[in-house]
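J.: need a structure here:
(chains A and B, ligands or ions: 3)
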Amino acid sequence: MVTRLDAKMFDSEAENTWCPGCGDFAILRSLKMALTDLDIAPHEALVVSGIGCGSKLPDYMHVNGYMTMHGRPLPVATGAKLANPDLQVIVVDGDGDAYGIGGNHFLHSCRRNPNITHIVEDNQIYGLTKGQYSPTSDLGFVTTTSPDGAIERSLLPVAVAIAAGATFIARTFAGDPRHMAAVIAEAIKHQGYSLVDVLQPCVTFNRVNTYDWYRQRVYKLEDDYDPTDLDAARARAYEWADRIPLGVIYRNDEVQTYEEQVLPLKAGSPLASTLKLQAEPAPGQYEPLKEQFL
Amino acid sequence: MIVEMAPQSTNDLSIMIGGDAGQGVESSGAGFALALARAGLHVFALQDYRSRIRGGHNFYQVRVGERPLYSHRDPVELLLALTPQSIPLHLHNMQEGAAVIFPQKWEDVDVSHLTKHGLKVDRLPLMEIAERHGSRLMLNTAVLAAASALTGFPLKYMEQVIRENFGRKSEELADTNAAVAQEAYDVTLDHFGDSFPHRIKPIEGAPKRMLMHGNEAIAFGALAGGCRFISAYPMTPATSIIEWLSAVPDDYGMVTKHAEDEIAAVCMALGASYTGARAMTATSGGGFSLMVEAMGLSGMTEVPLVIVEAQRGGPSTGLPTRTEQSDLLFMVHASQGEFPRIITAPGTIEQCFEAGWRAFNLADKYQCPVVVATDQALAANLRSLDMDTVDPEAVEIDRGATLTPDDVDTLSEEYRRFRFSDDGISPRAMPGRETAVLTVPSDEHDEHGHINEEPEVRIRMMQKRMQKLKTAEAEIKPPLLYGPEDADLTLVTWGSTTGNCLDAADEINAAGGSANVLQFIDIWPMPVDPVRHALDRCRRKVAVEQNYTGQLALLIRMTTGVAMDDVLTKYDGRPFSPREIIEGVGMEVASGNKA
Ligand SMILES: Cc1ncc(C[n+]2csc(CCOP(=O)(O)OP(=O)(O)O)c2C)c(N)n1
Ligand code: SF4
Ligand SMILES: [Mg+2]
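T.: Ligands and ions are numbered 1, 2, ... in the order given. The predicted structure follows:
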């Protein structure tokens, strides 16, 4: 596809602080590639992040960005999308953000179906706080806060997302940037909430789930796999320990987005209304609303 | 029912309606208030209910007058009892010679006991009338009509309200209730004629008046101020703000979002505001506790945020349906670190409307969180208001240094979101144009919005942000003084308590005393010089607050060094009555004076 854009347009002058070899570099590259391929320019997108290593991504990219709080990018993004549906809104956060502290927002975003893309940099560890176990850490995983090995079973994000009603669920791997870019592009194109769980090696604090560990287990979904088949998706959602499927595991294009169903939006977005009123307050329009108090 | 007569009055009485939750106490009370307002009278209506849907005693108190009223008044002249328990419960709060309306069916009511209390009581077949027309549920209709007859208030006002209320369900129900009302009215009139000394007389040709509470006024103000986004999570007493805005017709483009929790609610508002829309959230103390971290995010990223905090009795779940003003210091200090914030505390419904739109101007101009602090009494109690109290023409939309997409297109130099400036304000662009791509981080950052922890950058950014508070001071409202300037007593107050203090001061002055009221509206940043100046002129300053520790008094002392002479506090969840204030400040209340 020929586009107006060049991935370099997304380069930022900010100093990058990720560890050499960190999977986040590839995620950053793939996101730039996907946006370039989809012809979405830096000013047309908004990347909202949480707090963590991966959540620094908007700083390392020339794009509209809101780096928020630990676990909170989904509601910030939801509000932004509702207020200005023209923005291409993408959330990038960590497994701690998305599945731990922000778990409630994850659940409700799945069932709400706002037209935003959610990329989770899932390194199965808390990177920025230097190595504690996360909701996706495997049973027995030893960290500073689980010195005897994690005794909570790990969360299966794909299974949870299916159960919660997500309309697009994919997994990809930071060791395969091309696959990642393609999956992210698919997710962005999807109308509705799209989850992309990215297996992202943390080379500094996760010495178990390394590039090799993932490579030994991941496989791409077969060409004849049908992601609209809910039962098939459910079966793949539980595959983890030995074989880990990559690709679009589930999609349902029949569900309307949240924004499409908000009736007041048909009168114009909150941003458009605010701008219009800023130019022309039109006080007369409120007089009829006084009747109810008489 | 009574026949005797202590003081006589016209258009100056308090009526109490008591009953069980689920008996229609609220709809009856609000209906009575509406009928009175339509008859050209001023009303103040207070609702007292428990946090439960069925059972438990509730009451509604309606005060009538010919001038604007700012508080309820105890004791009452008329009790309408929908359950027998109402009578003993409110006996202590009845004026000498007051009337009690209740159905004669209640054999257990000890009439002689009531008579001993100075109440002359008679029995009326109200329940029989309701039952004869089909249901004892219509008792409240019968009771309202009886009250009309007793006070000489023409039935047509009450009948219209009754018809409207029931007409929503069915025409037939409206007709039956109207018939019950007529019969109850006639029976009562036959019995008592015009013997009841407290009369209600419609004021012919009076201007139309609205009946509104503080939450509606704030919501209306916000809408008129260009707010088109609210995300909130239901919490009494703030819920009616998102409910009212959700009922605004769709063609206004008012987007409302009931979020999954208050953290999401405040974050959605921030996301919407980041794009350039005017956005808000509303909650009570418990929800505000959850919003605290995001308030700091607004401060750090300089994204405007309007939060309404309608306080209720705390701590924890506390007194969920009752009033308190105990979150003031919390609002002033909420969230880690230091950043500018503005706290404005309307005290009247008129001020609620203004706060509703002005909060957005403040938030846009100073790019910081603005808290509109109210309390349950202000949020939920109804008052009659002149039509122009809510004047959309008077609303100004001032977005300060907010750059529209068109402004951004004409920028002559590279856009820097957090550009240093003398007044601390950096023009804020909306995302969406090539010339102003902007990233806002919760980490400390440089002018471009890149994360930066260098000491020089940190120091300048802190100074830039905090400077905004200094800049804002120019438009911070000084405290408002009501009443004679050189009074012997100044009631220093804020929020809904202002209304109670105004009525108390009126009573004191009417009885030959000398009192005024100093109301704090903009509480943070504290307008230090005007406050010192105002307090310097006071003789005896008594802070009147609905909390335990006297938080406004503490804050005044902290910021100005000026101490109050006394602090009068109340923390039982019930608003001060003027009488309690007068007694609380140690003034004599002449007996028979209905303070
Ligand atoms: C409310 C809150 N609690 C805790 C923290 C500290 N904290 C920062 S990042 C982080 C976890 C990061 O893990 P993850 O989300 O997986 O991101 P990663 O660093 O692995 O990319 C925590 C606990 C915080 N910033 N805010
Ligand atoms: S700590 Fe881990 S996740 Fe963080 S930058 Fe280093 S490698 Fe990446
Ligand atoms: Mg992580």
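J.: use CA for all of it now, contacts and neighbours both
T.: Will do.
J.: I figured residue B:162 was touching residue B:140, is that so?
T.: No: the pair residue B:162 / residue B:140 is not scored as a contact, 10.1 Å apart, by Cα atoms under 8 Å.
J.: And those two? Which one has more around it.
T.: Ranked by neighbour count (other Cα atoms under 10 Å in any protein chain shown), residue B:162 and residue B:140 place residue B:140 first, with 28 against 25.
J.: quick one, phi/psi of residue B:17?
T.: phi -120, psi 120 (degrees, to the nearest 10).
J.: Which pLDDT does the model give it?
T.: Residue B:17 is assigned 95 on the pLDDT scale.
J.: Could you give the bridge partners of the closest residue to it other than its chain neighbours?
T.: The shortest distance from residue B:17 to any non-neighbouring residue, by Cα to Cα, 6 or more residues apart in numbering or on different chains, is to residue B:80 (4.7 Å). For residue B:80, the beta-bridge assignment (DSSP bridges) gives partners residue B:17, residue B:101.
J.: before we move on, what about residue B:42?
T.: Taking DSSP bridges as the rule, residue B:42 bridges to residue B:65.
J.: ditto for residue B:10
T.: Under the criterion DSSP bridges, residue B:10 forms beta bridges with residue B:199.
J.: before we move on, the earlier item: burial of the residue nearest to residue B:17, as a residue count?
T.: Counted with other Cα under 10 Å, residues neighbouring residue B:80 total 26.
J.: Now do the same contact list for it.
T.: B:15-18, B:100-102, B:143-144, B:147 (Cα atoms under 8 Å, 6 or more residues apart in numbering or on different chains).
J.: try it again with 10 Å
T.: B:15-19, B:25, B:29, B:59-60, B:86-87, B:99-103, B:140, B:143-144, B:146-147 (Cα atoms under 10 Å, 6 or more residues apart in numbering or on different chains).
J.: These in strands, which ones?
T.: Using DSSP state E, the subset of the contacts of residue B:80 located in strands is B:15-19, B:59-60, B:99-101.
J.: got any ranges where chain A has weak pLDDT?
T.: Residues of chain A meeting the criterion pLDDT under 70: A:1-3.
J.: And what about the closest residue to ligand 1 within the stretch 151-294 of chain A, helix, strand or coil?
T.: Going by Cα to the nearest ligand atom, ligand 1 is nearest to residue A:202 of the stretch 151-294 of chain A, at 7.6 Å. The assignment at residue A:202 comes out as coil when based on DSSP: H, G, I helix; E, B strand; the rest coil.
J.: Distance of it relative to residue A:20?
T.: Residue A:202 sits 10 Å away from residue A:20, taking Cα to Cα, to the nearest Å as the criterion.
J.: same check, this time on residue A:290
T.: Distance, residue A:290 to residue A:20, using Cα to Cα: 63 Å.
J.: which one of those two has more residues nearby?
T.: A direct count of neighbours by other Cα under 10 Å for residue A:290 and residue A:20 places residue A:290 higher, at 15 against 10.
J.: Does stretch B:246-266 reach chain A?
T.: Yes: residues of stretch B:246-266 contacting chain A under Cα under 10 Å from any Cα of the partner chain: B:246, B:248-257, B:259-261, B:263-266.
J.: Output the ones in strands among the contacts of residue B:80 in a markdown table; the columns should cover distance to residue A:239 and neighbour count.
T.: Below are the ones in strands among the contacts of residue B:80 laid out as a markdown table (distance: Cα to Cα, whole Å; neighbours: other Cα atoms under 10 Å in any protein chain shown):
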| residue | distance to residue A:239 | neighbour count |
| --- | --- | --- |
| B:15 | 69 | 28 |
| B:16 | 66 | 27 |
| B:17 | 64 | 28 |
| B:18 | 63 | 29 |
| B:19 | 60 | 24 |
| B:59 | 60 | 24 |
| B:60 | 61 | 22 |
| B:99 | 76 | 29 |
| B:100 | 73 | 26 |
| B:101 | 72 | 25 |
